[in-house]
Every structure is written in structure tokens, then in C-alpha cells.
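>>> predicted model follows, preceded by the sequence.
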Amino acid sequence: MSSLLTLTTDFGTRDAYVAAMKGTILSIHPDVRFIDISHEITPQDVMEAAFVLSEAVPYFPEETLHLVVVDPGVGTTRRPVALRHGGHTFVGPDNGLFALLLDGEPPDELVVLDRSAFWRTSDISDTFHGRDVFAPVAAHLAAGRALNDIGTPIESLKPLHWALPIDDDQGVQGWVVHVDRFGNCITNIPRPLFERQRDGRPLKCFVGNAILEGVHTTYGDTEAGEPLLLFGSSNFLEIAVNTGNASNLLDIRKGTPVNVLFKDVEPKSL
């Protein structure tokens with residue numbers, strides 16, 4: 001197992017939670033190499049965490065271990081799990097996040113973390129499994145332990161599904177699934193679906209307090225402060241403002257509906 005370990009949490013950086021997890025890991029495996037994907041996930045938002053991970057995980061080498069602690073059900077009967085998929089290992093709560101990340105595919109291996117010998121202590125905190133269960137298990141895995149050493153195999157993850165856009169010949173309806181730190185509003189409308197339904201037709205997009213027309217290639221295609229539509233690096237339709245914040249300017253939040261209507265071109269009169 002590689003000693004490359006990523007962390008994704010909703011803990012932020014003002015408190016000691018992330019440091020306590022890293023300290024726990026280093027106490028078991030001092031040679032581990034940390035990469036922080038994000039500690040600014042909206043609290044308890046497993047869908048946001050899955051989206052952020054889906055944007056980052058494909059760019060890590062195989063054998064990377066991903067520790068993910070966005071855990072609104074901490075201390076309840078939700079299962080702590082570890083799994084293998086696509087050459088990567090994941091550790092965290094089984095609350096639908098990993099099902100979203102795998103997008104319907106079954107994991108290659110999956111265990112429930114029921115062996116307290118690999119926890120920090122058998123007397124674990126009811127509110128901080130990140131430190132007492134997930135961090136030490138991740139450390140043992142990074143140090144070379146196999147999944148079947150640290151847990152008992154189980155069959156499946158808790159299911160959770162992405163909200164899919166609705167489309168017909170007249171247009172596509174989707175939702176904003178993520179607002180990045182620049183205020184760019186990323187939708188769940190993928191480019192292949194959009195282009196197939198558009199079929200070269202002009203369009204109007206109704207979102208927030210704006211009506212936008214056309215799709216641009218990059219932010220600089222418009223004047224500073226002007227809103228626009230484009231496909232971002234994730235290849236999903238995005239609402240942005242050149243050198244501005246689309247979320248604030250256009251009153252768009254996560255979950256805001258996005259309605260794109262395609263207009264048939266009128267034939268020219270003779």
C-alpha cells in the first residue's frame with residue numbers, strides 16, 4: 001500500500017479536529033504523506049463531499065488511500081467502512097457518500113470496521129469517529145494491512161443517487177450542485193446531454209434572477225462583471241461572472257433550478 005493519504009472533511013481549519021486525526025495517523029505510521037483535498041465541505045453535506053472527491057480522485061495515482069469524514073450520523077448505527085475500488089482505497093462512514101462516488105458501481109472489496117484492535121481505543125468517542133476509528137484504520141492500511149485484516153467483509157454500501165437532469169426536445173432542467181469559492185455555479189447538466197438536445201439551436205437559460213443566452217468558451221469571452229454560461233473543467237454546464245461572483249450577483253445557491261430552453265430557428269422568408 002502506498003503511503004499517500006488524502007483527507008476530505010467538513011471540519012474546517014479553525015479547530016483541532018483535522019490536526020488530531022493527522023496526529024493519530026502519524027503516531028501509527030510516521031512516514032505517511034498527506035494531501036488535503038478539502039476541509040471546507042459544507043457541514044454534513046455528503047453530496048458536496050462526493051462531488052468534490054469525484055473532481056479530485058481520478059487524478060491521484062493508484063494505491064492512494066482516501067480518508068473521508070463527513071459524518072452527520074456519527075455515533076448512530078451507520079456503519080464505518082473501508083473499501084477498494086479502481087485501485088484506490090477509501091475509509092469513512094457508510095452514509096451514501098461512497099455510493100455516490102462510485103456512481104452505482106459495486107466496490108471491488110468492502111469491509112465493516114468492526115475490529116477494535118485497529119482503532120485508537122476501544123472506548124471511542126461518540127462524536128469523533130474520525131479520530132478514534134477512521135484515522136487509525138487508515139494509518140494501518142497505509143502501513144500495509146489488508147482490508148480483511150481490519151474488518152469483516154460485507155456485501156453492499158448504503159445506496160444514494162445523484163439527482164439527474166430532466167430533458168426533452170424543448171430543453172433541459174437541472175440544478176446547481178456546487179458553488180465553488182469563486183462563486184461559479186456548477187450544474188448537474190453534462191455537456192454530451194446538453195449538446196445532443198440542443199442540436200445547434202439558440203437557447204435561453206433561466207436561473208436565479210438572470211436570463212442568459214448562448215454558451216461561451218471561457219470567462220474572458222464577456223466583459224468584466226458580465227454573467228455567462230460555459231462548460232467548466234468538469235464538463236458540466238456552469239453559470240459564471242467574468243471576474244465576479246455569480247452566486248452573489250445572480251442570487252443562485254446550491255439547489256437552485258436551472259431551466260434551459262432551446263428555440264427552433266425560424267425559416268427565412270423569401
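Thanks, I have the structure now. Residues are numbered from 1 along each chain as shown.
>>> list phi and psi for the residue nearest the centre of the chain.
Nearest to the mean C-alpha position of the chain, by CA atoms, centre = their mean, lies Phe51 at 2.0 Å. When read as degrees, to the nearest 10, the backbone of Phe51 gives phi -60, psi -50.
>>> that one is in contact with Val176, isn't it?
No. Using CB atoms under 8 Å, Phe51 is not in contact with Val176, being 11.1 Å away. Where you see a C-beta, it was placed from the backbone N, CA and C, and this is true even at glycine.
>>> tell me the contacts of Ile189?
Going by CB atoms under 8 Å, 6 or more residues apart in numbering, Ile189 touches 165, 172, 174, 236-237, 258, 260.
>>> what do you get for Val179?
185-186, 247, 252-254.
>>> as a markdown table, the residues you listed with pLDDT and secondary structure would be great.
Shown next, in a markdown table, are these (pLDDT from 0 to 100; DSSP: H, G, I helix; E, B strand; the rest coil):
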| residue | pLDDT | secondary structure |
| --- | --- | --- |
| Cys185 | 98 | strand |
| Ile186 | 97 | strand |
| Ser247 | 98 | helix |
| Ile252 | 98 | coil |
| Arg253 | 96 | coil |
| Lys254 | 94 | coil |
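>>> show me which of those are buried.
Buried by 16 or more other CB atoms under 10 Å: 185-186, 247, 252, 254, out of the contacts of Val179.
>>> about what we covered before: return the member of the contacts of Val179 nearest to Thr42.
Among the contacts of Val179, Lys254 lies closest to Thr42 (CB to CB), at 7.8 Å.
>>> quick one: contacts for the closest one?
With contact set as CB under 8 Å, 6+ apart, Lys254 has these partners: 42, 48, 176-179.
>>> and stretch 171-190, how far out from the chain middle?
13 Å (CA atoms, centre = their mean, to the nearest Å).
>>> what's the local residue count around Asn184?
21 (other CB atoms under 10 Å).
>>> helix/strand/coil for the spatially closest residue to it that is not a sequence neighbour?
Distances taken as CB to CB, 6 or more residues apart in numbering put Ala240 closest to Asn184, at 4.6 Å, once the chain neighbours are dropped. At Ala240 the chain is in strand, as set by DSSP: H, G, I helix; E, B strand; the rest coil.
>>> and for Leu193?
Going by three-state DSSP: Leu193 is helix.
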